[in-house]
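Engineer: Quick one, fold the following:
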Amino acid sequence: MIKSIAHVTAYVLNQNQALDFYKNKLGFEVGDDMTIEGGFRWLTVYPKSQPQLQLVLAEPKEGPMFTKDASEKIRSLIKDGAFGVGVFETDDCQKTYDELVAKGVEFTQPPTEQLYGVEAMGIDNSGNWFSLTQRAK
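Structural biologist: Next up is the predicted model:
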């Protein structure tokens, strides 16, 4: 029986640049950072308060997981903003938004009242969108 989800994947254009973004701009911690035989890099990050669910920053490259054609297609989709990395929860959307904007994080929507709370829409440095959400009380 499956008991939990431990990792989810975010495809990024450059792992070093993505690591800088998630660590230094969003304040995530590094989980694992290792290079496996053949040059495959396993790189994970997570919010400080949630180490049990880690985000794999995966760079699609030709190799054991992807053909050259598939990796090029995925990279093109990343550049087009076709992928999202999920919903990042916060207790104060406006405050967190202001802090992230000051660090250079790009947003496509400022904090806006929604039925489910307050939400801002941002993008990481690869072009993946994310929701920054403060749940309604």
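Engineer: Could you use CA atoms for every contact and neighbour count after this?
Structural biologist: OK.
Engineer: Show me which parts of the helix ranked longest in the chain are buried, residue by residue.
Structural biologist: What stands out as the longest helix in the chain, according to DSSP state H, is helix 68-79. The neighbour-count check on helix 68-79 (16 or more other C-alpha atoms under 10 Å) flags 71, 74, 75, 78, 79 as buried.
Engineer: Then stretch 46-60?
Structural biologist: 46, 47, 53, 54, 55, 56, 57, 58, 59, 60.
Engineer: Return the residues in contact with the residue nearest to the spatial centre of the chain.
Structural biologist: Using C-alpha atoms, centre = their mean, the residue of the chain that lies closest to the mean C-alpha position is residue 85, 4.7 Å off. Residues near residue 85 by C-alpha atoms under 8 Å, 6 or more residues apart in numbering: 9, 10, 128, 129, 130.
Engineer: Export those as CSV, with columns for secondary structure, neighbour count and pLDDT.
Structural biologist: Putting these into CSV (DSSP: H, G, I helix; E, B strand; the rest coil; neighbours: other C-alpha atoms under 10 Å; pLDDT from 0 to 100) gives the following:
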residue, secondary structure, neighbour count, pLDDT
9, strand, 13, 96
10, strand, 19, 97
128, coil, 22, 97
129, strand, 22, 97
130, strand, 19, 98
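Engineer: Kind regards, and thank you for your time.
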